[in-house]
Each structure stands twice: as structure tokens, then as C-alpha cells.
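Peer 1: Turn this into a model:
(chains A and B)
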Amino acid sequence: MKATLGMTTNRSALWRRWQELRLIGQDPVLALGLIAVGAFVSLFVVLPLVLVIWQGFFDPTTQAVSFKYFSQFVDPYYMPHLWGILRNTMVMGLGAALGGTILGFIFAYALVRCSMPFGRAVHVVTLLPTISPPFAIAIATILLFGRNGLITRQLLGIRFGPGVNDIYGLDGLIFVQVVTFFPVAYLIIRAMLERIDASMEEAALSLGASKLHIFRTVTLPLLSPGLAASFLLLFVESLADLGNPLLLGGNSNVLATEIYQAVAGQFDQQKAASLSLILLVPTLTIFLLQRYYIGRRSYVAVTGKPTTGRIFVKEPVTRWTFIVLTLITLALVLLLYFSILAGSFTRLWGIDNTLQLSNYVTAFTRGLNPILSTTFLSAVATPLAGLLGMVIAYLVVRRAFAGKQTLDFVSNLGGAVPGTILGIGYILAFIQAPWYAVVLIFVLLAAYLTSRITSQWLPQLLIVLGGTVAGYYFNWLPYLLNVNEDGWRYLLAAGFVLLALAGAAGAQPGRRRLVALLFGVMALTLVIYNLSPLLTEPLGRWGRTLPGVNWPKVVARLVSFIEFFVRPNLAILGYTFLTLSIFAVMEMKAPWRLVVGFGAIALSGALVFFGQSLSLVGTPYIIVAAYAVRSLPASVRAGVAALQQIDPSIEEASTILGGDAQYTFRNVTLPLILPAFFAGLVFAFARHMTSLSAVIFLTTAQWPILTVWILSEVEQGGMSVAAAYSVILIAIVLVAIGLMSLWLKRTYGGRQDVDMSAGA
Amino acid sequence: MYLELRNISKHFAGREGAGEVRAVDDVSIDIGRGQFVTLLGPSGCGKTTTLRLIAGFEFPTAGAIVLDGQPINELPPNRRDMAMVFQSYAIFPHLNVFENIAYGLKIKKLSAAEIKTKVAGVLDLTELQGLENRAPNQLSGGQQQRVALARALVMEPKVLLFDEPLSNLDAKLRVQMRSEIRRIQQELDITSVYVTHDQDEAMVMSDQIVVMNQGRVQQIGTAVGIYRRPANRFVADFIGRANFLPVEVLQRAGDGWQVRLHEATLSVAAAGEAVQAGQAATLLVRPESVRLTPQATAASEILPARVIRTSYLGSLAEYELDLAGQHLIAVRHDPNEADLYPSGATVYVQFLRDNIYLLAEG
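Peer 2: Model prediction:
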């Protein structure tokens, strides 16, 4: 009896899951959005991580199962070295987390409770490190406290020789990480402090408790989830950090640098993968802990408004202790940033301190390529991350469906794991086409398309299968007809023209032009692909005739940027065409749907399955994907925060007044969330610009990345030029924030502004 | 019937697989064209879910919703030809008053001229003339309420739905708006379903009141019906104030019943259907149906009681009495000094035969 009861509940739960998905499936925009974000996170988060873990157990040359690098941890020969690395990693992580949390608490308490003078300005300056490149503080620290440091050598006159403790090593590294990461702790603890209802502390006060007693028994326990959350987050960030340990680690290697050197120095993928797994264990544990134990609070709580009643510390001793500590730290942060600025203008820091512009001349000449490329790729990745973030946020906040938790989790995971590991995963996954994934995504899209044609499963299966196979064999056409790649694309374009004609003939009245236009655009895209050299080649030639060093480079970059758009990866093009075809097919009359649907599957299949398909390593698209993955948590958060400002009944009001889901989204939801969403999106751009670890293995000579250049500049001892690069990078991010703020103010008239707190 | 709910249920999955929550459980309601029906009940009783099922924001797990002869179970809200006034008003913050009211008409693809006429008409009706170009954040709460009402009225919907629309207004405005909504509803003869937890609102406005509790309909009736002849103890307790006294049913007496309460024999004019002679029952006595006298009279239906506390509230006095170990609340309107019995005094209690009611359950 009991068992039967259990069965029914199970079936009805499953049935409900299916109904939820069916409900989403009825709305093509939503369904395709779900497929798109699902495919994106599967390809660029799950697949790479799985492959990294997998690779750790296989010898790359023989493909035999091997635990070589795991067994080294118990091998007496390797043990001291390996356990030393683990020890260093833990000490660094714990030190940075502890220091950062304490500092973050001091700042939060001073700003929220001690009526800090100039609080607003202090808040903004505190957040500077969140939009700086990952090792800006490290460079500044070397400039100030290094062997030739302004303070250590010039002011204190310390001469560094053997046996003198210098900035390089764990202590210096922890110092730099604390300064780099404490703003994150500050934001978390600040939000927590603001949400503590003042009446609780007042209640304790009225019961006769002393201030210190209240702090110990009321404030601190209420704050402890925030303190724990910030400690864990900082620990993870510290472990994931690559730039600072590379610059300042000295002889103290940590896991992140060891992994980097395994790939970049020893070309040993298995070693890198094994160490990555070991680094992933604490990272994932904490991430899960954070999410399901401490982080068990709804998004509403996170974005919740501060309570109205504020209380301030009145005793001068406590108040001023916090304020002074904050001011001292702040002065240090400002001094560090000032030293970057100063360093970028000096000839040779510490030796020849004459101010001059030559570093910037060098930066803009030698570094023009990375500056332009990084800005371009970061900018391109921003709307991508924004779109994905918006879709995920919408699905998570407004829809109920199976896998929602997983989607939310995985989209956050990509930003949380050490970027180095992600980068190694990208190489493993995309050095060749990941065929199973390529086919799976294609079949998923094709299946959704056929579900719009017929509801019977057998014809569905046949169309998907037939279309996919036909698409695959279209690739043989060039050989059979003896045409080159261009000719083949012209053939496909002709196919899309036929679909456009069929669309014009067989679409529902009033929709003919739309369908013809959709397929026409696809044909045109292929033709432009073929013809683009007619524009880019002369442009490139003309660029080379320009005077000076910089203008030819600018034009050459421009050519690359144009090619980025008009000659994209064919598989990406194929997926896009298939997705658009679904909308076209839905506008067709029933008998035409089959023919056009089959044709669309076959033609896009030809593009998807052509050559090495999604072998993205070496292309700029993988960098864009990596950027988008890194900033996805920020974009999702921006989307969630924006959506949560809207009372769901506003959307319901639109629906019951006759607007369907899409009309409602376009006319109500979108206009309401856009300003807040854009404001949040500028930090996705900042995150892209400052990314290092995830793209360090993906950058190419054709597409150099600024952060990687800064690193190599420092390693070669060009501190002043590196400082100049850092200043330029920070300036680009600040200009982006400024422009966004300006635009928002002009368009939405002060209703919306960029909130610096959204950056961390 | 114009709008019928036939045995509808709505179950939600419980939190983390903890079974199901039956928000609405086998509810049947018939609503005639032009009627004003109120769903009344405590929070969590399923009234709002029922309204959302009618609107189409949720689909029923079981049962059928029929509008004008057509089943509309899984018809999305935008194709139901209904309109709703929300508790939060749900005014589009990025549109001005005119654009808000014209929103649904635009979706209907009416001409600009038609839209203008219709909006002007409903602006008159809701007394919002001159505010067309105001942004929502420049309106008072009452004005926002009117905009929400106007935006729904202008659609001339088949059914007009209200989800606790007055709960965010202050008391005075609430009283004013409820008679205004009723006036407009009767003027336009719009079928309306109104959700509230405020019994005054329900009683003043409705043709029919549906009292709900724990997802089920407790009683459907007029204001007089549910107050004077409640179907069960929950309804009696939820609507107004009530004393429940355990009695023994003796026999039928004419059109009423005779019951025994302690030593006394009382006659009751009206009773629920399930009442049977020889069984225990509950006597429902409203505080205002109790008469107190300082001296015993000869009448047999009089009981002595002790005053525990007397509260003077100006327009009325309220007494807490001990009636042979039973707690009893009584009220006297327009009391004078002589009516203010001191604590501990003995008074004699008499119930108004025609105003008390016999409930079957124990």
C-alpha cells in the first residue's frame, strides 16, 4: 500500500517536471533561450572541467590509465616539494581570507556604524581594486616595497642581500592578496550589517546589556554568516589567483603557479590536470558549502533593502579606532595606486626617477595590438554575457522547471573555479572538434524544430535523422562537384535562397516577407563571407602604406575585427541559422513546414559539420567564450537584481490585459529592467578586461591579451611599462563606467546609475 | 450560469518533496452574469489562488472552469477577456496614466480615436480627469487605485477580478472606495469576483459571499445568510463575533426547537439542517443578542451570570460574563451609567429567541 502511494507521488512529480518543460517549450523564444544557455554552459563550463578531471588519470602520450602524479604525493622523493606546495597554498589562502575578512569588517563597520566622514567617497575608492587588473596591487607593492622600492630602499635605506627578507615570498603575497581582495569582504559584510535590524540591538540595550556585550552576543552572531561567507569566498579567490603568485611568489610555489608552469613550461597536460583536480577539491567544496549551507538565502535577501532604523556608535574611542584604521588602510591603497601612476611616468623606478612619457609611447606602440584586441574582445563578449545572463536570470527568477538549480549552479561555477583550470579545459576540449557535443547540440535544435512541424515522434525522428545525415553529406559536395570552399558556400547560399523563395510562397499570409527575409539574410551572410576579402584585402594593403608605426597596426586590427564578424566559425554560423530557421518554419503553412524544415536542418548541418567544426583553440571566439563564462555570475546577478525590482503582478497585469508573453516582455519587462541591467553589465566588461588566468593559454600572436602582456613585461623587469599598461587598462574600464553612467543618466534621467558595489 | 467553477482543485508541490499542498480543494462556485461575488476567508484559505485560477495565472490540477458555456481551463490569461485590479495596483511605472489605461486597448488594435474616447469615458467614471499625463509616481495611493480600476474597466471585460484592491489604502479611503467600486460595477453591470479578508468589505459590496477555509468552500450566501445562518462553526466564528454554548436538543417546538442549557430550557427560532432531537448541539449567540437585567424576572428562559469585567466604549458597553462556568460575551449599545455593572455583580441573561441559531456540530 505504502509503496503504491510512493509510486504515484513519484510519477506525478515526474509528470509535473515534464509539464513545466512543455510549458516552456510552447514559447519558442524561451525554449531556444534555454537550449542556448544550456548548450553554452555545457560546452564552456561543464565539458572543460570534466575533461580536466579526466585527463588527470591518463597518460597523454600512451592514453593508458596512470596515477603518476597522484602517487607522487606519497613518493618520498617528490613528497617534500609537493606537500610544500600544498602547505604554501593553504597558508596563502587562509592568510588572505583571514586578513581580507578582518579588513573588510573594519571598513564595513566604520562606514555603516561609525558615520565615517566622506563615506561615499571612501566607498568608491575602496572598490578600486575590484576593477583593476589582478596584479595591479602586486606591481605597486614591488614599486613601493620591492628591492628597489621607494619606501624600502629610498626611505628606509634597506639594502637587500641574501638572508634579508624581501617582499617576494608568502608574506608579501598574502599582503598583496589581502589588499586586492578585501573590498569583496567589505561588500558582503557591509550588506549584512545594513540588514541587521537596529531594533534588535536596541532591544538588547533596553535589557541592560553593555555595548560590548551586545556586540558579542547580538551583532557578531547575526553577522557570522556574512563573515563566514566572505572568509570562504576570499579563500577560493586567493587559491584561484595566478597573477600575484607569479609576480610575488618568489621561491614559494603554490598550486595555481605550479599548474601554470606544468602547461607553459613543461607542456605536461597530465601533471597540470592532476594538480588542477587537487586545486578543484577545496574550491568546489567551499563553493558547494557556500551555496547550500551558508548561502541558503534567497536572492531577495541578498538584494534586500537596508532596514530604515540605523544606529551609530557614539563612544569616540571605538568610533575613531575604526575610522582611523580605515583611513590608514585607505591611505595605503591610494598610495599603491599613486605609485602605479607615478611608476608609469618614471624612466627607471628607484634609479632614475625623472618623469617622462616614454613608457606610454612604448605601451601605445608595442602594446597597441593587445590594447585594441583586449578592448574589442571584452566589448564583444559583454553583450554575449549580458544576453546569456539575462536569459538565465529570467528563467531562474520567473520560471519553474527541472534543472533550474543546476543551471544556476553551473553558470556560477564558471566564474568561481580557478581560471587556469578552465583554460586547460578549453585546450583539451577545443583543440579538436568535440564531436559528441557538436552533434548533441545540433540534434537538440533540430529536434525542437521538428517538434514545431509535427507532434508524432516517428516523423520527428526521421526528419532529424534525415536532415542531419543530409547535412553531413553536403560536405562531400565540394569533392563531388570539384569546387573550392568558396564555391561550396555559394552552393549553400543558393540553397538558402531556395528556402527564401519557398518561404515567400508557403508562409502564412502577412508573414511571407519575414520568412523570406530570414532565409535571405542567411544566404547573404554566406555570400558576404565569400566576398569579404574584396573589402578587407585592399583595406589591409592601404593600411600598410600609412605613415608611422601605429596607423598600419590600427588598420590591421580593424581588418581583424571585420573578419571576426563576417568570417565567423562556420559551426557557430550553422547553429545560428538553425535557430533562426525555427522561427521561420513556425510562420509557414503546414504542408510547407516539412520541406522547409528539412532543408533548413540539412543546410545548417552542412555548416556545423564542416571540417574541424568547433575546434576553437587559436580563434578569438574561444577568448570571447572564456570572458563570457568568467563574467556570467556578474551578468546573472545583474539580471536577477533587475528582475527582482519588478513586482510579478506588473507582468501579470499586462498578460490579463491581452498581452502575450512576448508582448509583455518587450513592452513591460524589458523597458523596466534595462537600465539596472546595463548598469550591472559594465562590470562584466571590467571583468573581461582584467581577466588573466582563463585566457593566458588561449591568447595568440594574432589576438594578444593585455593582462598577459603586463605579466610578461613585469617578468622581463619592465616595471614602468607594466605600470603604464595597468594605468591604461584601469583608464579604459573607468571610461567605460563613466560613459555608461553618463548614458544612463541622460536616457533614464537619474532613475538609474552605475552602482560600484555591483562590480565584485 | 455565466462563470462556473466545477470541482476545481489546485495542488502545489510542497517544499523539497514534502508532499503536496492543496491550495484549492474541490471548489465549486456558480456566478451569474452581472453578479458581484466575493471570496472571503483568512489568509492562506485559497481565495487568491482561486482568483488566479479564474484569471489563468495558474491552471487547475483537476476540475473545470467554464466561462459563458466555454471551458477555459488551460486558456492563457491574455485570451480570457478578463481584467484584474491587483493588490499592489501593478501600474506600469514607465507609462503615464493615459498610456496605462490605453495599454490593453492598444493590444486590441483599436484606432487612436477610439482609444481616446474610451479612455476619456473611463477617466470620467473614475474621476481622474486632468491626470492623463501624470507619471505613476506622481499619484497618491487612492489615485493609483483608480488608475488600476480604470485600466481594467476600459477593457469592458467579461469578468472583472479584484485581488484585495483596497488593502493598501487607509481606513477612510477604503470605505469610500468600496461604495464607489460597487456603484461603478452596478452601473456597468460587470460580472465581478472580489477577493478580500475584510468581512465589512465583503458584506457591503457583494451579491454573494463565498466563505473559504483551508482550500474549501465553507458557505456560499448573502451577507444576511452567512451572518444569521452560518453553515458551520468556522463561518460563525469568522464573520462577526460569536459565543458558542453547548446545549442539548430537546424537541421541535413549532417552527423552532427547544434546547436545554444548564438548568434552563430555551427556545430557538432557527437551526441548521442536521440538528436532531436528543443530541448535543452548539448554540450560536451573537454578543448583541444577549439582554442583561439586574433582577430576575418570572420568565423561564432566564439564566443568572456573574460579571467578570465591564468595558465602556462610549457607543457600547461590553461585558465578560461567567454563565455557570461558561465564558460569555455580551454587548449593549448606547449604555448609560446604570448599565455599567461592577465586577462580581450578578446579572440575569436572556437570549433573543429570533436572533440565536442552533448549529448541529458539538
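Peer 1: could you measure the closest residue in space to A:Leu43 that isn't next to it in sequence against chain B, distance?
Peer 2: Take A:Leu43 and drop its neighbours on the chain: the residue closest to it by C-beta to C-beta, 6 or more residues apart in numbering or on different chains is A:Ala437, 5.8 Å away. No exception for glycine: its C-beta is placed from N, CA and C like everyone else's. With distances taken as C-beta to the nearest C-beta, to the nearest Å, A:Ala437 is found 32 Å from chain B.
Peer 1: Please identify the residue of the stretch 101-250 of chain B positioned nearest to chain A.
Peer 2: The nearest approach of the stretch 101-250 of chain B to chain A comes at B:Gly104, 3.3 Å away (C-beta to the nearest C-beta).
Peer 1: for that residue, what are its contacts?
Peer 2: A:Leu657, A:Gly658, A:Gly659, B:Ala83, B:Arg151, B:Val154, B:Met155 (C-beta atoms under 8 Å, 6 or more residues apart in numbering or on different chains).
Peer 1: Pull the most distant pair out of these.
Peer 2: Looking at the contacts of B:Gly104 by C-beta to C-beta, the two members farthest from one another are A:Gly659 and B:Val154, with 14.8 Å of separation.
Peer 1: Name the residue in the two with the higher neighbour count.
Peer 2: B:Val154 (25 against 22; other C-beta atoms under 10 Å in any protein chain shown).
Peer 1: Quick check on B:Tyr194: phi, psi?
Peer 2: In terms of degrees, to the nearest 10, the main-chain angles of B:Tyr194 are phi -130, psi 130.
Peer 1: so who does it touch?
Peer 2: In this structure, B:Tyr194 makes contact with B:Phe36, B:Val37, B:Thr38, B:Leu39, B:Leu161, B:Phe162, B:Pro165, B:Glu201, B:Ala202, B:Met205, B:Ser206, judged by C-beta under 8 Å, 6+ apart.
Peer 1: Is there a quick PyMOL command that grabs whichever of the contacts of B:Gly104 are buried?
Peer 2: Of the contacts of B:Gly104, the buried ones can be selected in PyMOL as follows, counting by 16 or more other C-beta atoms under 10 Å in any protein chain shown:
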select buried, (chain A and resi 657+658+659) or (chain B and resi 83+151+154+155)
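Peer 1: Could you tell me which of the contacts of B:Gly104 belong to helices?
Peer 2: Using DSSP state H, the members of those that fall in helices are B:Arg151.
Peer 1: Export the contacts of B:Gly104 as CSV, with columns for pLDDT and distance to A:Met740.
Peer 2: Converted to CSV, these look like this (pLDDT from 0 to 100; distance: C-beta to C-beta, whole Å):
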residue, pLDDT, distance to A:Met740
A:Leu657, 93, 33
A:Gly658, 91, 35
A:Gly659, 89, 30
B:Ala83, 93, 39
B:Arg151, 94, 34
B:Val154, 93, 39
B:Met155, 92, 39
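Peer 1: which among the contacts of B:Gly104 gets closest to A:Pro225?
Peer 2: The shortest gap between A:Pro225 and any of these belongs to A:Gly659, at 40.8 Å (C-beta to C-beta).
Peer 1: Does that closest one touch B:Asn78 like I think?
Peer 2: Yes. Under the criterion of C-beta atoms under 8 Å, A:Gly659 lies in contact with B:Asn78, with a separation of 5.8 Å.
Peer 1: list residues touching both of those two?
Peer 2: When C-beta under 8 Å, 6+ apart defines a contact, the residues bordering A:Gly659 and B:Asn78 alike are B:Ile107.
Peer 1: show me where pLDDT drops low in the chain?
Peer 2: Chain wasn't specified; assuming chain A. Counting by pLDDT under 70, the ranges of chain A that qualify are A:1-13, A:16, A:159-164, A:293-311, A:350, A:749-760.
Peer 1: not what I meant, chain B
Peer 2: Judged by pLDDT under 70, the stretches of chain B that qualify are B:14-19, B:298-300, B:362.
Peer 1: now the helices: where do they sit in chain B?
Peer 2: Ranges of helices within chain B are B:47-55, B:97-107, B:112-125, B:141-153, B:171-188, B:199-205, B:223-228, B:233-238, based on DSSP H.
Peer 1: Using CSV, write out the CA atom coordinates for stretch B:214-223.
Peer 2: Provided in CSV are the C-alpha atoms of stretch B:214-223 (Å, rounded to 0.1, in the frame of the first residue of the first chain):
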residue,chain,number,x,y,z
GLN,B,214,-8.2,25.6,4.1
GLY,B,215,-8.9,25.5,0.3
ARG,B,216,-12.5,24.5,0.7
VAL,B,217,-15.8,26.4,0.3
GLN,B,218,-17.4,26.7,3.7
GLN,B,219,-20.6,28.5,2.7
ILE,B,220,-22.0,30.5,-0.2
GLY,B,221,-24.7,33.0,0.6
THR,B,222,-25.8,36.6,1.0
ALA,B,223,-24.4,38.8,3.8
